[in-house]
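1. using only what follows, build the 3D model:
(4 chains)
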There are 2 protein chains.
Amino acid sequence: MKILIVEDEPKTGDYLKQGLTEAGFVTDLARDGWDGLELAKAGHYDLMILDVMLPGINGWQVLEGVRRAGIDMPVLFLTARDQVEDRVKGLELGADDYLVKPFAFAELLARVRSLVRRGHAGLEPAVLKAADLELDLLRRRAMRAGRKIELTAKEFALLELFLRRRGEVLPRSLIASQVWDMNFDSDTNVIDVAVRRLRVKIDEGFESKLIHTVRGMGYVLETFPEEPAP
Amino acid sequence: MKILIVEDEPKTGDYLKQGLTEAGFVTDLARDGWDGLELAKAGHYDLMILDVMLPGINGWQVLEGVRRAGIDMPVLFLTARDQVEDRVKGLELGADDYLVKPFAFAELLARVRSLVRRGHAGLEPAVLKAADLELDLLRRRAMRAGRKIELTAKEFALLELFLRRRGEVLPRSLIASQVWDMNFDSDTNVIDVAVRRLRVKIDEGFESKLIHTVRGMGYVLETFPEEPAP
DNA sequence: TTCAGCACATGAAAATCCTTATCGTCGAAG
DNA sequence: CTTCGACGATAAGGATTTTCATGTGCTGAA
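-> Numbers count the residues shown, from 1 in each chain, chains lettered A, B, ... in the order given. Below is the predicted model of the structure:
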């Protein structure tokens, strides 16, 4: 599997190249937009990782050039934290996924694998929904019934997990491994506390509750109450 | 590469098996000490991952049985947080490495790879030193000039990095990727602040400073001052 | 030499996260 | 029906980590 990285900052570029190489990919690295475009046209890649901020021509322009040349490969692009609208724009231009700097390498790897596997057929949904709750993954914002909800990083990750696996009962060990990247140590109740904080934000003050406890098992996010009417 | 996992808690066991399988290893899973011992004797494994707390016979006993049977394979064992002395004991009994629960999977994978590669020839050093500073990785304790120093998780990780790469100038991007598992985003100074906190703890009040700033490059831990005498 | 600009240092406030302790509730057993 | 025990909810406290604002000193250019 061959990946083209287009990144001007040397440290980030080397970091990506090394990490992906260790993960078993073959990589080429372009240091600016022009080189990137040229390489993209010349070689056959399974994926392109594209920084938005580049000297010469920027990331979108590279993307546009690539698409104009009729090259059909998935594109993952990298944006800085404040370039939210850029991300939206990039997706409209035909990118397949994005990642906000700074990012954990594990996260990048997961997305790269996903894209390489799926091709750029199915873009990940940008907004997850359940009833009147919406989680915008691009803008990192949550809303319920039209009201904006502020979430911390952990809360966001937790809610994202719940929404991605809506209706499934998630045992604490699963939540721990996904949200905390930890193998579970049962003598703590971090998860209970985190779920509570999330509940306060997304359920408190609303008629229908979304997060439900399944005693002895874990937690579920469900649109309908467990027991409709006795 | 074949790995034997001995772990009674089902969730942890499955988690390990799945994760390692995805990482390309072949795994067998034993649910208690007796099964573990039997499998270890029967099959040819490149590594055994051994939980200390097991029903029937405990981890050390399994280890002892394995060694008695003349089986020579590296052993990585898993301990709970409070079983510090157990870890020390386990290493004395001939384990090759340990991991404290809860642990990040990435950490486990790194150690597994290291052990599979090296065999159990070279146990990682348990104590890192520089001048009169010591960092005990087993007991997670730091001392300087005989005085105990309390460190937080981040401080510990940072100091460990400095000690492992003593004398090397570490750019911020490297520190970010190692200690924060993040690709670097230059508009923050978390690293500066973290380095400062560490400095206060290990250098303040001591004649010779260990952590030095290299302007425009990063930080180094060095025993000798950069410029001896002008 | 002086000044401006940049890099790093520092202190303090704010945000987040984890721990601990206590209370409540559900379910099973008597 | 009552009691007990386990599991979960909740509140409060504390520790850690991050952000922000400001200070200081080096370096290179005028």
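
2. give me the number of residues near A:Phe206?
-> A:Phe206: 14 surrounding residues under other C-beta atoms under 10 Å in any protein chain shown. All C-beta atoms are positioned from the backbone trio N, CA, C, and that covers glycine.

3. just to check, it is in contact with A:Arg144?
-> Yes. Between A:Phe206 and A:Arg144 there is a contact at 6.6 Å, judged by C-beta atoms under 8 Å.

4. so how far is B:Arg118 from the closest residue to A:Ala131 other than its chain neighbours?
-> Spatial nearest neighbour of A:Ala131, chain neighbours left out: A:Thr223 (4.7 Å); criterion: C-beta to C-beta, 6 or more residues apart in numbering or on different chains. Here A:Thr223 is placed at a distance of 52 Å from B:Arg118 (C-beta to C-beta, to the nearest Å).

5. likewise A:Ser208?
-> Computed with C-beta to C-beta, the distance linking A:Ser208 and B:Arg118 is 56 Å.

6. next, A:Met48: phi, psi?
-> When quoted as degrees, to the nearest 10, the phi and psi of A:Met48 stand at phi -120, psi 130.

7. list the contacts of it.
-> By C-beta atoms under 8 Å, 6 or more residues apart in numbering or on different chains, the contact set of A:Met48 is A:3-6, A:36, A:40, A:66, A:73-76.

8. likewise for A:Val220?
-> A:162, A:167-170, A:211-212, A:214.

9. tell me the secondary structure for it?
-> strand (DSSP: H, G, I helix; E, B strand; the rest coil).

10. about what we covered before: now intersect the contacts of A:Val220 with the strands, please.
-> Secondary structure assignment by DSSP state E places A:170, A:211-212, A:214 of those in strands.

11. who wins on neighbours among the residues you listed?
-> Busiest of the ones in strands among the contacts of A:Val220 [other C-beta under 10 Å] is A:Leu170, holding 21 neighbours.

12. surely it is in contact with A:Leu159?
-> No. Contact criterion C-beta under 8 Å: A:Leu170 and A:Leu159 do not qualify, at 11.9 Å.

13. would you tell me what the next helix or strand after the lowest-mean-pLDDT helix or strand in chain A is?
-> Every helix and strand in chain A was compared by mean pLDDT, DSSP states H and E; the lowest is helix A:84-92, with a mean of 63. Where DSSP states H and E defines the elements, the next helix or strand beyond helix A:84-92 is strand A:97-100.

14. tell me how chain A divides into domains.
-> Under the assignment automatic domain parsing, the domains of chain A span A:2-118, A:127-221.

15. hey, which of these is tucked in deepest?
-> domain A:2-118 (a mean of 18; mean count of other C-beta atoms under 10 Å in any protein chain shown).

16. ends of it, how far apart?
-> Start-to-end span of domain A:2-118 (C-alpha to C-alpha, to the nearest Å) is 15 Å.
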